[in-house]
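In: Predicted model and sequence below, questions to follow.
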Amino acid sequence: MNYWLMKSEPDTFSLDDLERKGSEPWDGVRNYQARNFMRDDMRVGDKVFFYHSNCDVPGIVGIAKVASKPYPDPTQFDPKSHYFDAKSARDNPRWVLVDIAFVKRLKRTISLAELKDDPALEGMPLVRKGNRLSVMPVDAAHWKHILSLAT
DNA sequence: GCCAACGTTGGC
DNA sequence: GCCAACGTTGGC
C-alpha cells in the first residue's frame, strides 16, 4: 500500500465535487514527475490525501483512493480541451491518469501552515520550498502522523 | 548540450 | 495581484 497527496484547486474541482460524483478521472496532469507517479507507482486501493491549493486556507481536507489502473488521459486528444497536447499520439499517449474515488472528509482542514510548522513532517515534499508537484508520495509515517492530527 | 526566455504553480 | 521557484522550449 502506497500513500499519496494530490492537489486540486477547489474552484476547479473540490472535495465536495468528488464526494458528489463518487469518483473522477484525474485529468489535466501535465508534469512528467507527477505522471510517472501515476503511471508507475500507483496501485488500485492506494490512499490519497486530497489537498486544496490556491485558496483561502490551503491544506489537506480529505481522503480519497486510487480507483483504477493508469490509462491515457482523453483530454490530451481533444482539440477543444484546455489540456489538449498536439504532440501526443494516440498510439503513444504522453499523458496518463488514474481514477480517484472519494473516501472521507477529515474532521478539520490540516492547513499547509500547520504542516510546515510540524517537526514530524520535516522533509515531506509538500512542505519543501518551491514545491509545485501536484501528485506526490507520502511516507507511511507522515501519513499516520497527519491522520492523528485530524482526529 | 547550454542557457535565456517564457509559462505555470501556488503561497502570500 | 505579486512574485519566487522551477519546468519546458527552442535558438544556437
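Out: Arrived safely. Worth saying up front: this structure is predicted, and the values here are computed from it rather than measured.
In: what's the longest helix in chain A?
Out: For chain A, the helix reaching the highest residue count under DSSP state H is reported as helix A:140-150.
In: packing partners for it?
Out: With contacts defined as 3 or more CB pairs under 8 Å, 6 or more residues apart in numbering; DSSP states H and E, the packing partners of helix A:140-150 are strand A:3-8, strand A:47-52, strand A:99-111. C-beta here means a position set from N, CA and C on the backbone, and glycine is covered the same way.
In: from the ones you listed, which stretch is densest packed?
Out: strand A:47-52 (a mean of 23; mean count of other CB atoms under 10 Å).
In: returning to what we had before: mind exporting the longest helix of chain A as CSV, just the C-alpha atoms?
Out: Once side chains and other backbone atoms are set aside, the C-alpha atoms of helix A:140-150 remain, and they are given as CSV (Å, rounded to 0.1, in the frame of the first residue of the first chain):
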residue,chain,number,x,y,z
ALA,A,140,3.7,5.9,5.8
ALA,A,141,5.0,7.6,8.9
HIS,A,142,3.9,11.0,7.7
TRP,A,143,0.5,9.6,6.7
LYS,A,144,-0.1,8.2,10.2
HIS,A,145,1.0,11.4,11.8
ILE,A,146,-1.2,13.6,9.7
LEU,A,147,-4.2,11.3,10.3
SER,A,148,-3.6,11.7,14.0
LEU,A,149,-3.7,15.5,13.7
ALA,A,150,-7.1,15.2,12.1
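In: buried stuff in that helix?
Out: Taking 16 or more other CB atoms under 10 Å as the basis for neighbour counts, the residues of helix A:140-150 that come out buried are A:142-143, A:145-147, A:149-150.
In: Okay, strands next: where are they in chain A?
Out: Taking DSSP state E as the test, the strands found in chain A are A:3-8, A:23-25, A:47-52, A:59-66, A:71-72, A:96-97, A:99-111, A:135-138.
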